Every structure is written in C-alpha cells, then in structure tokens.
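Participant: Fold the following, please.
(2 chains)
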Amino acid sequence: MDWSWFHRLGSPPHVYRIAGRLVPWLGWPAAMLILAGLYGGLVLAPPDYQQGDGFRIVYVHAPSAWMSLLVYTTMGSAAAVGLIWRMKVAHAVAASCAPIGASFTLAALVTGMLWGKPMWGTYWQWDPRLTSELILLFLFLGYMGLRDAFEDTQRADRASAVLAIVGLVNVPIIHYSVEWWNSLHQTPSVMKLGRPSMPASMVVPLLLMLAGFTLYFAAVLLTRLRGEVLRRERSASWVKEALQS
Amino acid sequence: MTPRRKRLVLVLAILIGVGAAGALALQAFRENVMFFFDPSQITSGQAPTGERFRLGGMVEKGSVVRTPGSLEVRFVVTDFRHQVPVSYTGVLPDLFRDGQGVVAHGRLGTDGVFVADEVLAKHDENYMPPEVQRSLEKAHGGRLPPQSPP
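Facilitator: Below you'll find the model as predicted:
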C-alpha cells in the first residue's frame, strides 16, 4: 500500500493548502443540508402523537449529541496518532476539535434540558446518560484548560493527548448508558440495529441534519486547523510566503 | 521494539487499563448508577428499605385514581410481572398517562404503598404522527402494544 498521501499529511504547508481548498466544498453543502433538514423537520414533518410539536427539538438535540461523540472520537484518535507517530499536524487536529466538541456537547445538554422540563417534568436528573454527557463536556473543557496551562506547544500536545485518550473510555459509556442501566433517557430511535422507531417523514430530516452537522464540523475543523497550523509554524518561511500571496 | 511501537503499546495499555478500571468501578457502583428500580426488583427485596429511591415502570392501564378537589393521585406501576401501588400529591408532567413509562421518587411504606414526592414521565424511543397512532389504536383496540418496558 502506498502511504505517501499519509506522510504528506504530516507536512504543515501541504495541510494548510489542502484544508483551505476543501473548506468551501464542505461548508456550502453543510449549509444546504441543514436548511433542508430544518425545513423538513420544523415544517414538513408531522407532530408526534404524544409530544405534539415539542418533539421538534430533536432535530437539533440528537445531531448535536451524535456530533459530541463523533468530535470526541476524532479528537482522541488524532491525539493518539500524534502521540504514537509524533505527528504535529495530528496534535493540531486534536487541539482544533476541542472547542467545536465542547459547543456541540453544550448544545445537546441545553436542548435536552429545555425538552426535559415539559416532557419529563424536570430540567436535570443525575441519570447515567445525562451525567456521562456532562462528563464529556468537562473532558473537552479540561483538555482545553490543560493545553492552555503549558507554554511549550510540544509539552501541551503530549500531556493533553494522554487526557484525550483516557477520555475515549467515556464514549461507549455515553452511547450504551441507556441500555446498560435503567435510565430516564429513552433508548436510541435511529442509531440502533433494525428499523428506526420513527416514520420516514420524521427520520429523513433528522438524517439530513446529521449529514449537515457532520459536514459543518469538517468545515469548521479544517478552518480552525489552518489557524492552528499557522500559529505553530509562525516562524517558518512558508508561512510568510503563504500570507503574502 | 522501536520507540514508535513502544508508544503504540503504551497508548493501547492506557486505553485497556482505564477501560478495565472504569468497567470495574461502574460494576461496583451499579446500584448507584441505576437510575431507578423496577417493580420486580422491589418485590424481590433489592430496593433499599427506609431510604428514598426511584421506582420506574409503566402506569397500569385504568389504575389512575384522582381524589376530587385535591392534587392527590393514586396509580399502579407495573413492569408486566409485578405491580407496586403509588400515591402522589402534586403536579404531573404532560406525558403522564395510562400505559406510559414513569419514574417516581420517594419511599416505600410498610403497607407496600410507594409514597412519591416527585413523578417524572419517561418517554420511549417511538415517534409517530397522531393519525398513525389512531389507526394503530383501532387495529389493536386500545393503546399501542408495549414494545419495551422502560
């Protein structure tokens, strides 16, 4: 197998260029998918038989929650690659993931609380799903704080990578919390084996939102990655050339 | 072993070690992680006596009795094997109804009645438009068949 494409990803100027070229190809489809998903979810989809129109918050809540797990997995994997192969660009990817992941996690928690008050009768319960998702938020914030505590980027990379890898253990716990333990939170309607527990008119906008959120994450990640690469390489000659052109 | 392979092994060892520690810790605190006990666990004596705990299950059809002129309500929580009667005084959430999942927080009295001071509705994973639910109701002559007790 030819690994040269992978080795080229270790080169900051190459990554800076490629990322810049990819961003519009991810960002615009993301915007269109999210608009289509919102229209489908908020206008076209029928109300739920029990929750009425209140269920529509799922179109933001569920994709945000899925993304929080996807972003953390990306961050942990990038940190592991950076640690094992001493790949600076991978550390830069992990560092760029953290604020995005923290935002998605916060969005999932807040939308869940707003839904929980009228439906469950409570904003917050120390339920396994809710608690493990809150821990995920603290992992993202802790990762960012740990990075900020080091002057030296290389030491920040290594220390924070260990935290990111340790935190990976939480990802399956969040996903399976509703199955392993009695939980107030319902079990998955879509992310499970077998047919989704939703009719197509409800599930299609949800999948559009998920695809849109995923592309949005990729676009924001690459944009942040470019900034992170520039910051790390600020004394390199290619940066001067790239910024002048 | 090359330094790179050493680091790979180290990362895998961290993951396995933390995973095992986490699994053991969660296993040890299983009771505390459990959000609620179901009626079968209460019948078999697994629920703490004299302490506050949560009871979860389905509201048995036709068991909801309201006391006129007050907020007091009595109902039976079932997991389709065992039943626990519950009494509660207060405002119920929107989703509380016959056949719906529910989580009540309170104490089990010596008379076997669970006295709740907080009642939460538990939602299941099924979403559907009202028309579909009406036609399903016709087909089954009542509410939806229970698919997954909470």
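Participant: need the contact list for A:E228.
Facilitator: A:A92, A:A95, A:S96 (Cβ atoms under 8 Å, 6 or more residues apart in numbering or on different chains). For the C-beta atoms, the positions are set from N, CA and C on the backbone; glycine is no exception.
Participant: tell me which element it falls in.
Facilitator: helix A:200-232 (DSSP states H and E).
Participant: Repeat that for A:L141.
Facilitator: Going by DSSP H and E, A:L141 is in helix A:128-148.
Participant: ditto for B:F75
Facilitator: Counting by DSSP H and E, B:F75 is part of strand B:72-78.
Participant: neighbours of B:G62, just the number please.
Facilitator: Using other Cβ atoms under 10 Å in any protein chain shown, B:G62 has 10 neighbouring residues.
Participant: Counting neighbours, what do you get for the closest residue to it other than its chain neighbours?
Facilitator: Nearest residue to B:G62, sequence neighbours excluded (Cβ to Cβ, 6 or more residues apart in numbering or on different chains): B:D98, at 6.6 Å. Residues lying near B:D98 (other Cβ under 10 Å) number 14.
Participant: List the contacts of residue 86.
Facilitator: Assuming you mean chain A. B:R4.
Participant: nope, chain B please
Facilitator: B:L55, B:R74, B:F75, B:V76, B:V77, B:A104, B:G106, B:V113, B:F114, B:V115, B:A116, B:V119.
Participant: ok, and the closest non-adjacent residue to it?
Facilitator: Nearest one to B:V86, counting by Cβ to Cβ, 6+ apart, is B:F114 at 4.6 Å.
Participant: now swap in A:C97 and tell me
Facilitator: That would be A:M75: by Cβ to Cβ, 6+ apart, it lies 3.8 Å from A:C97.
Participant: Same check on A:S11?
Facilitator: A:V89 (7.7 Å).
Participant: count of residues packed around that neighbour?
Facilitator: With other Cβ under 10 Å as criterion, A:V89 counts 21.
Participant: Show me the residue sitting in the middle of chain A in space.
Facilitator: A:V71 (2.9 Å; Cα atoms, centre = their mean).
Participant: before we move on, the earlier item: can you give me phi and psi for the residue nearest to B:V86?
Facilitator: When read as degrees, to the nearest 10, the backbone of B:F114 gives phi -90, psi 120.
Participant: Return the set of residues that bridge with it.
Facilitator: Here B:F114 sits in beta bridges with B:V86, B:L108, going by DSSP bridges.
Participant: so it touches B:V103, yeah?
Facilitator: No - the criterion here is Cβ atoms under 8 Å, and B:F114 misses it with B:V103 at 11.5 Å.
Participant: Pull up the overlap in contacts between the two.
Facilitator: Common neighbours of B:F114 and B:V103 (Cβ under 8 Å, 6+ apart) are B:L55.
Participant: Neighbour count: the two, which is higher?
Facilitator: Counted by other Cβ under 10 Å, B:F114 and B:V103 do not tie: B:V103 has more neighbours, with 26 against 23.
Participant: Tell me the helix or strand right after whatever helix or strand A:G27 lives in.
Facilitator: Per DSSP H and E: A:G27 is located in helix A:12-39. Following helix A:12-39 in sequence order, the next helix or strand is helix A:58-85 (DSSP H and E).
Participant: I'd like the average pLDDT over the helix or strand just after that next one.
Facilitator: Downstream of helix A:58-85, the first helix or strand assigned by DSSP H and E is helix A:88-119. Here helix A:88-119 scores 94 as its mean pLDDT.
Participant: Check which helices and strands helix A:88-119 is in contact with.
Facilitator: Applying 3 or more Cβ pairs under 8 Å, 6 or more residues apart in numbering or on different chains; DSSP states H and E, one finds that helix A:88-119 makes contact with helix A:12-39, helix A:58-85, helix A:128-148, helix A:153-167, helix A:200-232.
Participant: which one of those has the most crowded surroundings?
Facilitator: Among those, the stretch with the highest mean neighbour count (mean count of other Cβ atoms under 10 Å in any protein chain shown) is helix A:58-85, at a mean of 22.
Participant: Tell me if B:A116 really is in a strand.
Facilitator: Yes - assessed with DSSP: H, G, I helix; E, B strand; the rest coil, B:A116 lies in a strand.
Participant: Tell me who's in contact with it.
Facilitator: So B:A116 contacts B:L55, B:V86, B:S87, B:Y88, B:A104, B:H105, B:G106 (Cβ under 8 Å, 6+ apart).
Participant: Is the residue most central in space within chain B in a helix, a strand, or coil?
Facilitator: Among the residues of chain B, the one closest to the centroid is B:G56, at 3.5 Å (Cα atoms, centre = their mean). Each residue gets one of three states, and B:G56 gets strand by three-state DSSP.
Participant: In this structure it contacts B:F114, no?
Facilitator: No - contact criterion Cβ under 8 Å: B:G56 and B:F114 do not qualify, at 11.1 Å.
Participant: Which neighbours do those two have in common?
Facilitator: B:V77, B:A104.
Participant: would the residue nearest to B:G62 count as being in a helix?
Facilitator: No - B:D98 is assigned coil when assessed by three-state DSSP, not a helix.
Participant: To which secondary structure element is A:M191 assigned?
Facilitator: Counting by DSSP H and E, A:M191 is part of no helix or strand.
Participant: residue contacts, the closest residue to it other than its chain neighbours?
Facilitator: Spatial nearest neighbour of A:M191, chain neighbours left out: A:W66 (7.0 Å); criterion: Cβ to Cβ, 6+ apart. The contact partners of A:W66, by Cβ under 8 Å, 6+ apart, come to A:M191, A:L210, A:F213.
Participant: repeat for B:D94
Facilitator: Shown in contact with B:D94 (Cβ under 8 Å, 6+ apart): A:P118, A:M119, A:G121, B:A121.
Participant: Need the single longest helix in chain B, by residues.
Facilitator: As assigned by DSSP state H, the longest helix anywhere in chain B is helix B:3-28.
Participant: ChimeraX command to pick out the buried ones of the contacts of B:D94?
Facilitator: Entered in ChimeraX, the line below selects the buried ones among the contacts of B:D94, by 16 or more other Cβ atoms under 10 Å in any protein chain shown:
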select /A:119,121 /B:121
